[in-house]
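Novice: What follows is a protein structure lacking sequence information:
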């Protein structure tokens, strides 16, 4: 499944499910190859349509999976189905892969307190995990600025080989590509609110809400001032991507 944009950039979902993603991460960690993981959702689709820097960075990601049921539904319509693999659900499995390989991790996110709590939660679930670095950037964080270069230096000095980025889009994806290219042997996983969920600083939708595919509605009602406009913009771009999915389906039948 892929999403094309007028400037020629395309974002391809190349991990059909979480198992495929974890297998690819396992191989890259073993080989000492850096990588960047993105988890595409409707908010990202909307931003990709407006921000050329975001499009270029996203297109440069090595591993992309579907974080949102509308993405899954579009893939099915296109005849190229993928499974849901939310970034928040990937944090602990990715941490387990790093621990099995004996490789330390770094946590870059919203606040020192949240990162400390998230780190403890991760180590409780994955006792062998080593957290080599936690760092909360200043606000507003410029991923391409001097602080970004400083964080890259800290990651290098820490020896971390897998870095979780909980900085929000598009900052985390822009930084992931810059840092991957600078370091070479470090993997970067952009996981949005994943660390805040683990720390308890944000509350995730209950399992029954996720099961009926309404996590987005639960999140919006939990914080309408911040999320209503974001979701409205996201849903506004879906008709165009639906047409694109139908066109892909038509090509498949030729």
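Specialist: That came in fine, so what should we check first? From a predicted model like this one, the values you see are computed outputs, not experimental measurements.
Novice: going forward, measure contacts between C-alpha atoms and count neighbours the same way
Specialist: Fine.
Novice: which stretches of the chain form strands?
Specialist: 2-4, 10-12, 35-40, 63-66, 105-108, 131-135, 162-165, 187-190 (DSSP state E).
Novice: Redo the ones you listed as TSV? Include distance to residue 53, mean pLDDT and mean neighbour count.
Specialist: Below are these laid out as TSV (distance: least, Cα to Cα, whole Å; pLDDT from 0 to 100; neighbours: other Cα atoms under 10 Å):
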stretch	distance to residue 53	mean pLDDT	mean neighbour count
strand 2-4	15	91	15
strand 10-12	13	92	19
strand 35-40	15	98	25
strand 63-66	17	98	25
strand 105-108	21	98	24
strand 131-135	24	98	20
strand 162-165	18	98	26
strand 187-190	16	99	26
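Novice: which one of those strands lies closest to residue 46?
Specialist: Residue 46 lies closest to strand 35-40 among those, at 10.6 Å (Cα to Cα).
Novice: what does that closest one contact?
Specialist: The contact list for strand 35-40 (Cα atoms under 8 Å, 6 or more residues apart in numbering) reads 28, 58, 61-68, 71, 85-87, 173, 176-177, 180, 185-191.
Novice: can you check stretch 212-231 too?
Specialist: 42, 43, 69, 204, 205, 209.
Novice: Among these, name the buried ones.
Specialist: With burial judged by 16 or more other Cα atoms under 10 Å, the buried subset of the contacts of stretch 212-231 is 42, 43, 69, 204, 205.
Novice: Please read off the pLDDT at the fourth one from the model.
Specialist: Translated: residue 204. On pLDDT, residue 204 comes in at 82.
Novice: do the same with residue 234
Specialist: In this prediction residue 234 is given a pLDDT of 85.
Novice: go on, residue 254?
Specialist: For residue 254, the predicted pLDDT is 63.
Novice: same check, this time on residue 218
Specialist: 79.
Novice: Run a quick neighbour tally on it.
Specialist: Applying other Cα atoms under 10 Å, we find 16 residues neighbouring residue 218.
Novice: before we move on, what about residue 146?
Specialist: Close neighbours of residue 146, defined as other Cα under 10 Å, add up to 11.
Novice: same deal with residue 174?
Specialist: Residue 174 has 22 nearby residues by other Cα under 10 Å.
Novice: Count the residues that sit near the closest residue to it other than its chain neighbours.
Specialist: With sequence-adjacent residues excluded and distances taken as Cα to Cα, 6 or more residues apart in numbering, residue 174 is closest to residue 57, at 5.7 Å. Residue 57 has 21 neighbouring residues, counting by other Cα under 10 Å.
Novice: and what of residue 109?
Specialist: Applying other Cα under 10 Å, we find 25 residues neighbouring residue 109.
Novice: again, but for residue 169
Specialist: 16.
Novice: Equivalent analysis for residue 221, please.
Specialist: Neighbours of residue 221 (other Cα under 10 Å): 13.
Novice: so what pLDDT did it get?
Specialist: On pLDDT, residue 221 comes in at 83.
Novice: Equivalent analysis for residue 229, please.
Specialist: 87.
Novice: residues touching residue 77, list them.
Specialist: 242, 245, 246, 249.
Novice: Residue 78 is in contact with the third one, correct?
Specialist: Translated: residue 246. Yes - between residue 246 and residue 78 there is a contact under Cα atoms under 8 Å: 5.6 Å.
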